[in-house]
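S.K.: Kindly generate the corresponding structure for this input.
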Amino acid sequence: MKRAVYVQAVTALVLMAVWLMAGCKSAPELTSDQAKSMIQAKYDQDPGAPFDITVNDRGMQQGVHANYWLGQKRYPNGYWGDFKLTDDGKKVVKLPNGGDVIQWRPDSPNDPKYTIVVVPLMDSHLRARSVGDVQSIGDTRVVTYMEDVNLDGMPASLQAIAQNPGNKLSTQRQATFVLTGGAWTLKSIT
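M.R.: Numbering: from 1, shown residues only. The predicted model follows:
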């Protein structure tokens, strides 16, 4: 008799567990490609953002060669100078202070740390790349990826200046996804 009651109790528990599991739906899979598509879709719908380009000595030389600025005044120490934005330069960059003269004032003739900043007139949309594996954290999914400043559409000479050392064109980010109405949606990017 004890055995029959035990079997009935176990059977009831098993049936209840099966019934509960049948009522619970598992979350759909979220792949790295799907995550990248959602992140990129957000970037594509966001308005472009301005960004700064740090210009070092090599960038100054590239800017002169590209006819973005021309030497206007050389100082007696031989390494200070004023450079005026040309009409071509004014079509692609502006100076943060709003003027049109770059005041080049390094500490020495070979100062490797001296830079100035220019701002491209063309805003940049961001680009997602190198999306890692999707990680489960509780009810959310998280991916780590690289966010790049998109230089497409910018003149090649300005792209070359932007790719010089000192410019940060990529940042590691983390995206969090939540389940909304049975589908994964992008919640945040940090």
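
S.K.: For the rest of this, base every contact and every neighbour count on C-alpha atoms.
M.R.: Fine.

S.K.: neighbouring contacts of stretch 83-92?
M.R.: The contact list for stretch 83-92 (C-alpha atoms under 8 Å, 6 or more residues apart in numbering) reads 67-73, 100-104, 120-122, 158.

S.K.: what about the most centrally placed residue in the chain, distance to Gln174?
M.R.: The centroid of the chain falls nearest to Glu147 when counting by C-alpha atoms, centre = their mean (2.7 Å). Glu147 is 9 Å from Gln174, where distance means C-alpha to C-alpha, to the nearest Å.

S.K.: The residue nearest to the centre of the chain: what's it in contact with?
M.R.: Per C-alpha under 8 Å, 6+ apart, neighbours of Glu147: 126-129, 170-173.

S.K.: tell me the SS of it?
M.R.: Under the three-state scheme (DSSP: H, G, I helix; E, B strand; the rest coil), Glu147 adopts strand.

S.K.: is it in a bridge, and if so with what?
M.R.: In this entry, Glu147 is beta-bridged to Ala128, Thr171, by DSSP bridges.

S.K.: who wins for neighbours among the contacts of stretch 83-92?
M.R.: Sorting the contacts of stretch 83-92 by how many neighbours each has (other C-alpha atoms under 10 Å) puts Trp69 first, at 24 neighbours.

S.K.: Count the residues that sit near the closest residue to it other than its chain neighbours.
M.R.: The shortest distance from Trp69 to any non-neighbouring residue, by C-alpha to C-alpha, 6 or more residues apart in numbering, is to Leu85 (4.2 Å). Leu85 sits with 24 neighbouring residues when counted by other C-alpha under 10 Å.

S.K.: for Thr31, same thing?
M.R.: Thr31: 16 surrounding residues under other C-alpha under 10 Å.

S.K.: mind listing what it touches?
M.R.: Applying C-alpha under 8 Å, 6+ apart to Thr31 gives the contacts 133-134.

S.K.: so what pLDDT did it get?
M.R.: If you check Thr31, the pLDDT there is 96.

S.K.: quick one, what contacts Tyr68?
M.R.: By C-alpha under 8 Å, 6+ apart, the residues touching Tyr68 are 85-90.

S.K.: Check it and give its pLDDT.
M.R.: Looking at Tyr68, its pLDDT reads 98.
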